[in-house]
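[1] just need the structure, nothing else, for what follows:
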Amino acid sequence: MPIVVLCLPGEVEASLADTSLHRDDVRRHPARSLDEAKNLVAETRPHLLLLWHEQAGAAAFVQALRRDPGTRRMSIAVVAGEDFDPAEVELLEAGANATLRLPVSAEWDDRLSRLMTVPARKDVRFPAHFEILARAGIGVEQVPVMMVNLSVNGMRIESSYALSIGDDIDFRFLLPGSDHAVAGSGRVVREAGRNQYGVEFYGLEGDGAELVHAYIERLGGTS
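    This is a model prediction of the structure:
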């Protein structure tokens, strides 16, 4: 059963009533303050934490969660308003997985479901070289990258090309031992070290998701 802690204003939480967060199999724990969220995370060990982008001290909280082995692989999503707020970037750089922008759209259910999925905590490490099409602003550029980490929800890539949080990329790569390419789209959601970037998948073509999941399971990805 997915467990979710929601540290959101009341009216924002209410706007999520028609999303997959309100499936019968999801256990929800609302928190009205960051201190309450800290206690709930410690007590319930949730699969997903939803944080409002204007929470004071939220970035330090996220950093602490990422340093704690017990919560390091928990999914953390920032819920933000329609207009961009620089605080979103700070939270992503601190270790949040994704930004969910209001108003709620059809895309939310797919993203929430993936963030709540336990297998998303599994990953494998292997070097894979390929090229991506990076879409920054109105420009598009073909960029060589190396994948250093893969999970069912995304990947970490390394590139001498300077990417930015929010950049969209198109990719196509072969998994070791497979003749079928994994192709799709993703978004840069984190700077993960020197020349490294965390990319969240939001569109895998065909059976790409099944190929990635099967490969990780076959290699016994860590949880």
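[2] my guess is residue 12 contacts residue 51. True?
    No. Taking Cβ atoms under 8 Å as the definition, residue 12 is not a contact partner of residue 51, at 10.9 Å. C-beta here means a position set from N, CA and C on the backbone, and glycine is covered the same way.
[3] intersection of neighbour lists for these two?
    When Cβ atoms under 8 Å, 6 or more residues apart in numbering defines a contact, the residues bordering residue 12 and residue 51 alike are residue 79.
[4] who has more neighbours, the two?
    Neighbours around residue 12 and residue 51, counted as other Cβ atoms under 10 Å, are more numerous at residue 51. The numbers are 24 against 16.
[5] residues in contact with stretch 34-51?
    Identification of contacts with stretch 34-51 by Cβ under 8 Å, 6+ apart yields 2-8, 27, 29, 31, 55-58, 61-62, 65, 70-71, 74-79, 91, 96, 100, 112, 115-118.
[6] run the last query once more with 7 Å
    By Cβ atoms under 7 Å, 6 or more residues apart in numbering, the surrounding residues in contact with stretch 34-51 are 2-8, 29, 31, 55, 57-58, 61, 65, 70-71, 74-79, 91, 115-116, 118.
[7] of those, grab the buried ones for ChimeraX.
    Selecting only the buried entries of these in ChimeraX, with 16 or more other Cβ atoms under 10 Å as the criterion:
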select :2,3,4,5,6,7,8,29,31,55,58,61,65,71,74,75,76,77,78,79,91,115,116
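[8] so which of the contacts of stretch 34-51 sit within helices?
    Counting by DSSP state H, those place 58, 61, 65, 91, 115-116 in helices.
[9] nearest to residue 104, of these?
    Distances from those to residue 104 were compared by Cβ to Cβ; the smallest belongs to residue 115, at 14.5 Å.
[10] give me the pLDDT for that closest one.
    The confidence metric pLDDT takes the value 85 at residue 115.
[11] if I read this right, it contacts residue 77, doesn't it?
    Yes. Using Cβ atoms under 7 Å, residue 115 is in contact with residue 77, at 5.7 Å.
[12] between those two, what contacts are shared?
    Common contacts of residue 115 and residue 77, defined by Cβ under 7 Å, 6+ apart, comprise 48, 97-98.
[13] contacts only, for the most centrally placed residue in the chain.
    Centroid check for the chain by Cα atoms, centre = their mean gives residue 97 as the closest residue, at 3.2 Å. Contacts for residue 97 (Cβ under 7 Å, 6+ apart) come out as 75-77, 115, 189, 200.
[14] what about residue 106, neighbour count?
    Taking other Cβ under 10 Å as the neighbour definition, residue 106 ends up with a count of 6.
[15] which of the ones in helices among the contacts of stretch 34-51 lies closest to residue 128?
    The closest of those to residue 128 turns out to be residue 115 (Cβ to Cβ; 24.2 Å).
[16] contact partners for the residue lying closest to that closest one once chain neighbours are set aside?
    Here the nearest residue to residue 115 in space, its sequence neighbours aside, is residue 75; by Cβ to Cβ, 6 or more residues apart in numbering that works out to 4.2 Å. Each residue near residue 75 by Cβ under 7 Å, 6+ apart is listed here: 47-48, 97, 115-116, 120.
[17] now with 8 Å, please.
    When contacts are counted by Cβ under 8 Å, 6+ apart, residue 75 is found next to 47-49, 97-98, 115-116, 120.
[18] how about residue 88?
    With contacts defined as Cβ under 8 Å, 6+ apart, residue 88 is in contact with 53, 78, 80, 99.
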